[in-house]
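In: 3D model of this:
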Amino acid sequence: PIFWIGFPIYAIASILPYFLYLRARNPLLPKATRMIFPIHPDPLKQPAKVVLKQDEGLQLEFKAGGENSQRSQANLIAARQNPFFLQVKESLYDIMFKRAERVQLDYTQQAVAVRYEVDGVWINMPPRDRQTGDAILYAYKQLANLNPMDRQNRQEGSFEVASGKTKSKFELTSAGIQTGERVVLKVTELKKKSAMNIMQLGMLPDMYAQLQANLNRSGMVIISSLPSGGLSSSWLGALDAADRVTRDFVGVCDKDFQDKVIENVSFVEFDKAAGQTPLAETKNLALKLPDAYVIPEMVDADTVNYLCDQIEKEKAFAITQIHAKSSVEAVVRTLMLNGDRSKLAKSLNCVLFHKLFRRLCDQCKQAVQPPPQLLQQLGIEPTPQTMFYQQYQPPPPETLVDEKGRPIAPPPPCRTCGGIGFYGRIAVFELLEINDKVRQAMVNTPTLKDIGAAAQITGHKTVQQNAINLLVAGVTSLQELQRVVNQ
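Out: Below is the predicted model of the structure:
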């Protein structure tokens with residue numbers, strides 16, 4: 001009995017001093033060096049983690065091209081052996097950070113000219129020397145599963161790069177040209193973006209109400225923009241604003257048309273390349289007596305005339321799209337399909353047209369005082385408080401000195417826009433509602449001048465007139481307004 005009483009007392013007396021020691025010792029030490037048991041490893045004595053040279057710097061994840069996973073992995077391993085792999089990562093990160101949509105690399109004997117297309121505008125970037133440029137291109141081609149040694153023949157391939165939550169696909173095309181080689185990288189962000197409604201694109205509430213009224217009654221609506229000017233976004237935005245719940249929508253599109261997945265719109269296809277038109281499929285769909293026709297491209301006069309007949313006889317609605325430089329030109333281009341002008345003039349409700357303007361970066365834009373004469377020309381009442389804004393202008397080199405006259409480093413580029421001065425784009429719309437004066441011009445004198453004059457008489461405002469609101473609000477600059485208006 002004495003053993004069972006004495007042994008626990010002995011054990012406690014043996015262990016207790018150790019834990020009392022730890023309780024006094026550990027609060028005085030960093031967490032990494034605190035101990036619980038004598039066998040607890042000491043991190044300071046652990047071997048240092050080996051970091052390979054290609055893993056230094058920016059942390060990017062790659063998915064190289066290849067016909068199978070083994071080939072893709074082999075291409076990535078080969079690219080990682082490139083002694084300029086750090087520069088490869090930096091170049092790809094810069095492209096993603098500056099939101100470039102395309103990159104053009106022109107190789108000459110002396111250097112590599114670099115250009116980025118950002119928000120629809122090509123921007124010259126600092127050139128690269130040939131040694132660095134050649135090494136970077138060699139790795140690009142390895143990642144894209146191409147032959148790095150071939151600098152003459154046309155090659156196409158792709159690879160993917162992830163930086164944090166941003167993942168992009170790089171489609172590389174290279175070909176020899178007279179001065180050397182040209183490489184174009186098309187960059188696509190793989191994260192699926194939610195579609196923006198038309199007011200998020202930039203349409204004001206009053207115009208939205210007018211557009212909705214035209215979309216939800218019988219007649220025809222034309223959606224238009226410049227080529228590569230975001231027509232797809234305004235097309236989907238306009239369809240989103242239409243009532244597709246209580247009305248039966250049907251669609252006819254070319255088999256290569258991209259935007260055919262639209263809620264409550266079922267499409268049938270035709271083959272434009274084979275000489276087909278939407279007419280036959282439109283007639284078949286008309287047997288179901290739909291309320292609305294979605295025809296992205298009316299390629300012939302017969303389709304135009306048939307839709308106009310459906311609008312007149314069945315009180316149907318039709319929506320189509322066309323590339324043009326203005327809403328008036330969209331009308332003229334539709335008339336050039338040689339349909340019945342009087343039918344089209346009677347059926348057409350309105351034309352929605354837009355242009356895209358780059359937004360000034362809110363973090364680095366600079367205020368400027370506009371001259372009164374300019375304000376008067378723009379129809380703005382001059383006041384001392386009226387300010388315009390421009391993209392960031394770096395300070396002149398002669399001002400980059402300290403109090404003792406010694407040169408100092410220039411300010412770093414803006415972390416939001418990457419030093420470009422703009423970030424994103426906004427659409428400016430014009431809505432041409434077809435009234436009697438415009439209809440008369442469409443039938444009698446269907447020219448840009450006469451239809452435009454008829455529209456102006458009835459108060460039609462162009463993109464240029466509506467864009468002045470962006471200028472006053474500080475959303476864009478005068479230079480950007482002039483660039484886009486002159487497109």
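In: residue 318: neighbour count?
Out: 25 (other C-beta atoms under 10 Å). For glycine as for every other residue, the C-beta is placed from the backbone atoms N, C-alpha and C.
In: pretty sure it contacts residue 295?
Out: Yes. Under the criterion of C-beta atoms under 8 Å, residue 318 makes contact with residue 295 at 6.4 Å.
In: joint contacts of the two?
Out: Jointly contacting residue 318 and residue 295 under the rule C-beta atoms under 8 Å, 6 or more residues apart in numbering are residue 307.
In: now do the residue nearest to the spatial centre of the chain against residue 476, distance only.
Out: Closest residue to the average C-alpha location of the chain: residue 119 at 6.6 Å, with C-alpha atoms, centre = their mean. Here the distance between residue 119 and residue 476 works out to 11 Å (C-beta to C-beta, to the nearest Å).
In: which of the residues in the helix or strand containing residue 333 are buried?
Out: If you go by DSSP states H and E, residue 333 is part of helix 327-335. Buried positions in helix 327-335, judged by neighbour count with 16 or more other C-beta atoms under 10 Å: 327-332, 334-335.
In: would you reformat those as TSV and include distance to residue 166 and pLDDT?
Out: Compiled in TSV, these are given as follows (distance: C-beta to C-beta, whole Å; pLDDT from 0 to 100):
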residue	distance to residue 166	pLDDT
327	37	96
328	41	96
329	38	96
330	36	96
331	42	96
332	43	96
334	41	95
335	45	94
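In: which one of the residues you listed is nearest residue 72?
Out: Ranked by distance to residue 72 (C-beta to C-beta), the buried residues of helix 327-335 are led by residue 330 at 46.0 Å.
In: name the residues that touch stretch 292-304?
Out: For stretch 292-304, with C-beta under 8 Å, 6+ apart as the criterion, the contacting residues are 235, 239, 242, 244, 247-254, 257, 259, 262, 265, 267, 272, 277-279, 282, 285, 307, 310, 316-322, 334, 337-340, 343-344.
In: residue 142 touches residue 64, doesn't it?
Out: Yes. Using C-beta under 8 Å, residue 142 makes contact with residue 64 at a distance of 7.4 Å.
In: overlap in contacts, these two.
Out: 75, 79.
In: common neighbours of residue 119 and residue 476, please.
Out: In contact with both residue 119 and residue 476: residue 358, using C-beta under 8 Å, 6+ apart.
In: any regions of the protein where pLDDT drops low?
Out: 1, 22, 25, 28-52, 192-193 (pLDDT under 70).
In: now for it: which helix has the highest residue count?
Out: Using DSSP state H, we find that the single longest helix of the chain is helix 2-25.
In: following that helix, which helix or strand comes up?
Out: Scanning forward in sequence from helix 2-25 by DSSP H and E, the next helix or strand is strand 61-63.
In: adjacent strands (with direction) for that following strand?
Out: strand 155-163 (antiparallel) (DSSP bridges).
In: could you give me the buried positions within the strand it pairs with?
Out: 155, 157-161, 163.
In: now do that strand: everything it contacts.
Out: Against strand 155-163 from outside (C-beta under 8 Å, 6+ apart): 58-65, 92-93, 96, 140-141, 143-147, 167-175, 190.
In: then stretch 53-69?
Out: So stretch 53-69 is contacted by 72-76, 79-82, 85-86, 89-90, 92-93, 142-146, 157-163 (C-beta under 8 Å, 6+ apart).
In: got the CA coordinates for it in CSV?
Out: Only the C-alpha atoms of stretch 53-69 are listed here, as CSV (Å, rounded to 0.1, in the frame of the first residue of the first chain):
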residue,chain,number,x,y,z
LYS,A,53,16.9,30.1,-59.4
GLN,A,54,13.9,29.7,-61.7
ASP,A,55,11.6,29.8,-58.6
GLU,A,56,12.9,33.1,-57.4
GLY,A,57,11.1,36.4,-58.0
LEU,A,58,7.4,36.4,-59.1
GLN,A,59,5.3,33.3,-58.2
LEU,A,60,3.5,32.3,-61.4
GLU,A,61,1.8,29.0,-62.3
PHE,A,62,2.2,27.7,-65.8
LYS,A,63,0.3,25.2,-68.0
ALA,A,64,2.4,24.6,-71.1
GLY,A,65,0.9,23.6,-74.4
GLY,A,66,1.3,20.0,-75.7
GLU,A,67,-0.7,17.2,-77.2
ASN,A,68,-0.8,15.3,-73.8
SER,A,69,0.1,15.9,-70.2
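In: so residue 184, which state does it fall into?
Out: Following DSSP: H, G, I helix; E, B strand; the rest coil, the label given to residue 184 is strand.
In: the contacts of stretch 292-304 in strands, which ones?
Out: 249-254, 265, 267, 317-322 (DSSP state E).
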